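Peer 1: Just need the structure, nothing else, for what follows:
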Amino acid sequence: MENGMEIIRSDAFLLVIAGGMSVLLIGFVVLIIKFIRLNKKYQNFMRKLGNGKNLEEDLESYMSRVEKVEKHNAEISEKTKNLSENQEKCIQKVGMVRYNAFKDVGSDLSFALALLDDQNSGIVLNGIYSREMSNIYAKPIKNGKSSYVVSEEEAEAIQKAMEK
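Peer 2: Numbers count the residues shown, from 1 in each chain. Okay, here's the model as predicted:
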């Protein structure tokens with residue numbers, strides 16, 4: 001044990017330790033220099049890919065734009081869904097029958113016009129023309145039927161509309 005203590009206290013041991021530390025310090029400096037060079041090469045590489053701009057900044061900008069587009073697409077999708085739901089309530093089916101209401105009037109100047117939505121609900125208009133006057137009557141339609149008595153021409157107009 002005393003022999004080991006003498007070695008540690010000797011000048012040769014201190015020189016060996018100092019030499020080892022010098023080698024480690026030189027290795028550390030070399031690693032720092034290599035890291036700096038590698039970092040410069042990386043920055044130059046990124047600039048070359050970005051045509052003189054920093055590619056990392058371009059990617060961040062691109063990702064920001066993609067997020068905005070995704071948000072905008074979600075808004076458009078929601079509006080489209082609302083429009084589709086509202087469209088079902090709009091007039092989509094039209095059926096018309098022209099007829100001669102009175103024998104003394106020439107041509108088919110009277111008409112029955114059915115205007116229905118996707119659920120076959122809406123109205124049927126009946127325009128009756130005579131030489132002395134012209135009248136238009138409206139009747140509500142729900143699921144292809146009216147709570148009022150419909151004429152033969154009105155029923156035909158409703159049927160034509162539902163077939164479309």
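
Peer 1: where do the helices sit along the protein?
Peer 2: Assigned by DSSP state H, the chain shows helices spanning 2-9, 11-49, 55-87, 152-163.

Peer 1: Next, format those helices as JSON lines and append mean neighbour count, distance to residue 126 and mean pLDDT.
Peer 2: Glycine gets a C-beta too; all of them are placed from N, C-alpha and C. Shown next, in JSON lines, are the helices of the chain (neighbours: other Cβ atoms under 10 Å; distance: least, Cβ to Cβ, whole Å; pLDDT from 0 to 100):
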{"stretch": "helix 2-9", "mean neighbour count": "8", "distance to residue 126": "119", "mean pLDDT": "68"}
{"stretch": "helix 11-49", "mean neighbour count": "10", "distance to residue 126": "74", "mean pLDDT": "88"}
{"stretch": "helix 55-87", "mean neighbour count": "10", "distance to residue 126": "27", "mean pLDDT": "90"}
{"stretch": "helix 152-163", "mean neighbour count": "18", "distance to residue 126": "6", "mean pLDDT": "95"}
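
Peer 1: Any chance of JSON lines for those, columns distance to residue 145?
Peer 2: Converted to JSON lines, the helices of the chain look like this (distance: least, Cβ to Cβ, whole Å):
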{"stretch": "helix 2-9", "distance to residue 145": "110"}
{"stretch": "helix 11-49", "distance to residue 145": "70"}
{"stretch": "helix 55-87", "distance to residue 145": "23"}
{"stretch": "helix 152-163", "distance to residue 145": "8"}
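
Peer 1: Out of those, which gets nearest to residue 138?
Peer 2: Nearest to residue 138 among those is helix 152-163 (10.4 Å), distances taken as Cβ to Cβ.

Peer 1: outside of that closest one, which residues touch it?
Peer 2: Residues from elsewhere that reach helix 152-163 (Cβ atoms under 8 Å, 6 or more residues apart in numbering): 93-97, 99, 110-116, 120, 124, 126, 139, 141, 144, 146, 150.

Peer 1: still on that earlier bit, out of the helices of the chain, flag the one nearest residue 133.
Peer 2: Short answer: helix 152-163, nearest of the helices of the chain by Cβ to Cβ, at 18.2 Å.
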